[in-house]
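Novice: sequence first, predicted coordinates after that:
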Amino acid sequence: MVPADSRLPAHASTPARASSLTPATPAPAAQLTPAQLTPAQLTPAQLTPAQAPPRALSFDRAAAQYAAARPGYPPALFDAVEELAHRPLCGARTIDVGAGTGISTRLLHERGALVTAVEPGAGMAQELHRSHPALPVVRGDGNRLPLATASADLITYAQSWHWTDRTLATAEALRVLRPGGALALWWNVSDHSVPWIDEQDTRLRRFFGAGDSAHGSPVRSHDLPPGLDFTHRRLPWTRRVPLDTHLANLGSHSAFLVLGAEPAQRFLAEERARLAELFPDGTVEESYAVDLSVAIAPGAPPLPTP
């Protein structure tokens, strides 16, 4: 599956020098081969990686929608992070990497963590600051953390580790963590044991092709950091939201954002009609399982003897 979420910055490229010649009138797109089309004329299936709109930038233009519609995380997640990190969140110097609009940042803060958000996207960082002006946010990404060595008790990645270069990001996490600090990675994954969610996932994959979806993937597909001993937990939970919020949640995934408005709106309109029959009161119960993985950085001091 091509990951549904991306927040790593794309490398800038040097624009080609404009020609002084007057361009010829282009032929209609229908008369050209894919090799002759501009990226704007290509269908999603015809785009090459170089031509496709970078998913890294897609969230910035939908930051408010992302903040309003995306699910949060259950209290049990943060209980498990505390247990597996061998320390309370209260007072923990915490770095929330790929923080997006601050969904996990806010919840960590509410548990007492001294949290700093790291976010590469300008639009996402602006939405985080607008919604949570008291929370510090710095621009950066997991491959190049703009933080001092041995400065953190806990580094978290909520829905974002799979967009790092795991070799670079692992080295950076171990540099920034103090000895005995914890690296916690988690993902909300739609629960496909629920029939209507499994049926929706089938429709999404058929629509996008190439195994793409907007439901998340189990942790085993996310290429965890090498050389660390992870402990895993799976934490089921649900939320009840208006149908509009459910559809906005789907539409906030980058698979839709890079597709273009017309095909995305068409799919979501068809999905609205299906779900309106299934949920006639207009309230959708979304079922998730949080896939959590926590590892302790090497060099931990020995635990006190009872």
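Specialist: All right, it came through fine. Numbering: from 1, shown residues only.
Novice: can you show me the helices along the protein?
Specialist: Using DSSP state H, the helices found in the chain span residues 55-58, 63-69, 75-85, 103-110, 122-131, 166-176, 195-208, 243-251, 254-257, 261-278.
Novice: now those in JSON lines, with distance to residue 223 and mean neighbour count?
Specialist: Bear in mind the C-beta positions are built from the backbone N, C-alpha and C, glycine included. As requested, the helices of the chain are exported to JSON lines (distance: least, Cβ to Cβ, whole Å; neighbours: other Cβ atoms under 10 Å):
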{"stretch": "helix 55-58", "distance to residue 223": "17", "mean neighbour count": "20"}
{"stretch": "helix 63-69", "distance to residue 223": "24", "mean neighbour count": "19"}
{"stretch": "helix 75-85", "distance to residue 223": "20", "mean neighbour count": "19"}
{"stretch": "helix 103-110", "distance to residue 223": "20", "mean neighbour count": "22"}
{"stretch": "helix 122-131", "distance to residue 223": "23", "mean neighbour count": "19"}
{"stretch": "helix 166-176", "distance to residue 223": "5", "mean neighbour count": "19"}
{"stretch": "helix 195-208", "distance to residue 223": "20", "mean neighbour count": "16"}
{"stretch": "helix 243-251", "distance to residue 223": "25", "mean neighbour count": "19"}
{"stretch": "helix 254-257", "distance to residue 223": "18", "mean neighbour count": "24"}
{"stretch": "helix 261-278", "distance to residue 223": "28", "mean neighbour count": "13"}
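Novice: among these, which is nearest residue 138?
Specialist: Proximity of those to residue 138 was assessed by Cβ to Cβ; the nearest stretch is helix 122-131, lying at 8.4 Å.
Novice: can you lay out the helices of the chain as JSON lines showing distance to residue 183 and mean pLDDT?
Specialist: As requested, the helices of the chain are arranged in JSON lines below (distance: least, Cβ to Cβ, whole Å; pLDDT from 0 to 100):
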{"stretch": "helix 55-58", "distance to residue 183": "22", "mean pLDDT": "61"}
{"stretch": "helix 63-69", "distance to residue 183": "24", "mean pLDDT": "85"}
{"stretch": "helix 75-85", "distance to residue 183": "9", "mean pLDDT": "98"}
{"stretch": "helix 103-110", "distance to residue 183": "14", "mean pLDDT": "98"}
{"stretch": "helix 122-131", "distance to residue 183": "21", "mean pLDDT": "92"}
{"stretch": "helix 166-176", "distance to residue 183": "5", "mean pLDDT": "95"}
{"stretch": "helix 195-208", "distance to residue 183": "29", "mean pLDDT": "93"}
{"stretch": "helix 243-251", "distance to residue 183": "27", "mean pLDDT": "95"}
{"stretch": "helix 254-257", "distance to residue 183": "24", "mean pLDDT": "80"}
{"stretch": "helix 261-278", "distance to residue 183": "35", "mean pLDDT": "94"}
